[in-house]
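Peer 1: fold the following, please.
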Amino acid sequence: MEEPKFMKEGYSYIGEDEQWHIKNNSPEWVKKEFKEFFKMVDPEPDKDGKITRYENTLQI
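Peer 2: Take a look at the predicted model:
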């Protein structure tokens, strides 16, 4: 998996709580990419306890 653009451009950091965060002044694309990235790498189960993983197959 390639390093996401928001990480490459320095918008993310590990906080005192040892969790990943993005800077408060981050643009909307960073917020969206951050949410999508962590949804993919750390998925949460649905109400039935199932985890669905979606692969991005778009080649840029």
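Peer 1: can we go C-alpha only for contacts and neighbour counts from here?
Peer 2: OK.
Peer 1: which secondary structure elements does the helix or strand of the chain with the lowest mean pLDDT contact?
Peer 2: Each helix and strand of the chain was given a mean pLDDT (mean pLDDT, DSSP states H and E); the minimum falls on helix 28-41 at a mean of 90. With contacts taken as 3 or more CA pairs under 8 Å, 6 or more residues apart in numbering; DSSP states H and E, helix 28-41 sits against helix 5-8, strand 20-22.
Peer 1: recalculate using a threshold of 7 Å.
Peer 2: If you count contacts as 3 or more CA pairs under 7 Å, 6 or more residues apart in numbering; DSSP states H and E, helix 28-41 packs onto no helix or strand.
Peer 1: show me which residues of that helix are buried.
Peer 2: Buried residues in helix 28-41, counted by 16 or more other CA atoms under 10 Å: 30, 31, 34.
Peer 1: so how far is residue 15 from the last one?
Peer 2: For residue 34, the distance to residue 15 (CA to CA, to the nearest Å) stands at 15 Å.
Peer 1: do the first one as well
Peer 2: Residue 30 sits 17 Å away from residue 15, taking CA to CA as the criterion.
Peer 1: likewise the second one?
Peer 2: Relative to residue 15, residue 31 is positioned 16 Å away (CA to CA).
Peer 1: kindly report the same for residue 42.
Peer 2: In terms of CA to CA, residue 42 sits 17 Å off from residue 15.
Peer 1: number of residues surrounding residue 49?
Peer 2: Applying other CA atoms under 10 Å, we find 8 residues neighbouring residue 49.
Peer 1: give me the pLDDT value at it.
Peer 2: Note for residue 49: predicted pLDDT of 82.
Peer 1: contacts only, for it.
Peer 2: Counting by CA atoms under 7 Å, 6 or more residues apart in numbering, residue 49 makes contact with nothing.
Peer 1: appreciated, that's everything.
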